[in-house]
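Asker: Please work out how this folds:
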Amino acid sequence: MAEEPLTDLHLDVYDTREGPWNPEHGEIKIPDDWTFLPSGDAFVTRTVKAAGRYWLAWRPRGRNRPHRRLEGLWAPAAAIAEAQAAAAATAERRERQRERGARQRARSEDRYRTELAAAILVYLGFDAAHVDLAHQIADGAAGHAAIVGSGRVGRTRKLPLEDRAALAARAWIRHRFTDYEDRLNSLYGDDLLLDELDYRGIKHDAHSAVDAFLAEHRPPC
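Answerer: Numbers count the residues shown, from 1 in each chain. This is a model prediction of the structure:
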């Protein structure tokens, strides 16, 4: 049975001093009708990959580089040229699509922040005399907790909205209406790390302070 041509395989090709090299096949030769496409244009790269024939081009690990780095790919020059032509022909349409997508995401994020702020207001349950403060906390906490890519509690969709609202509100109050941050800062010296026991004590006290703040601003039972 004839072996499958290397050009039909999706190889990892490393740029070494001796030339292109693959872990399974050793030193290999780049086909004459192939050329290098550097990383950077996602559309062109996807289109070339969809054509089916390519090798991934890697820069190997080095003394000051603990991980290999993807530099681009090798593929038939004709496939790359065709992909680049398609990119040029569709650039305006894709830009309009990106702009529409960005607007849709912005509207979605605005709706979510509004939804989270409303849930925070419900959690706070402040007395009518403190309604302005409640809105201040809800808007601030929702805007802070829901920042895209922040990893904050507002982005944790695994939790019910009510739980996210409670955690976001408590965090906002802890940092802005208690002495939590001042006490944390007092434990840091120029080269000192925060002691775990001290931190737990400060966090416990802050939890109690938040409870007291909430009780102070909610209607009496």
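Asker: hey, where'd the helices end up in this structure?
Answerer: For the chain, the helices defined by DSSP state H occupy 42-51, 77-124, 131-145, 161-177, 180-186, 196-217.
Asker: Could you pull up the mean pLDDT of the third one?
Answerer: The one in question is helix 131-145. For helix 131-145, mean pLDDT is 95.
Asker: Next: the second one.
Answerer: Taken as a whole, helix 77-124 has an average pLDDT of 94.
Asker: So for Asp12, which of the helices of the chain sits nearest?
Answerer: Across these, Asp12 has its closest neighbour in helix 42-51 (14.0 Å, C-beta to C-beta). Just so you know, the C-beta spots here come from the backbone N, C-alpha and C atoms, and that holds for glycine as well.
Asker: partners of the longest strand anywhere in the chain, with directions?
Answerer: The longest strand of the chain (DSSP state E) is strand 69-76. Here strand 69-76 has these sheet partners by DSSP bridges: strand 34-38 (antiparallel), strand 55-59 (antiparallel).
Asker: will you turn the helices of the chain into CSV that also has mean neighbour count and distance to Gly26?
Answerer: Shown next, in CSV, are those (neighbours: other C-beta atoms under 10 Å; distance: least, C-beta to C-beta, whole Å):
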stretch, mean neighbour count, distance to Gly26
helix 42-51, 16, 24
helix 77-124, 14, 24
helix 131-145, 19, 53
helix 161-177, 20, 54
helix 180-186, 13, 57
helix 196-217, 14, 52
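Asker: Would you mind telling me which of the ones you listed is nearest Val13?
Answerer: Here helix 42-51 is closest among these (C-beta to C-beta), at 14.6 Å.
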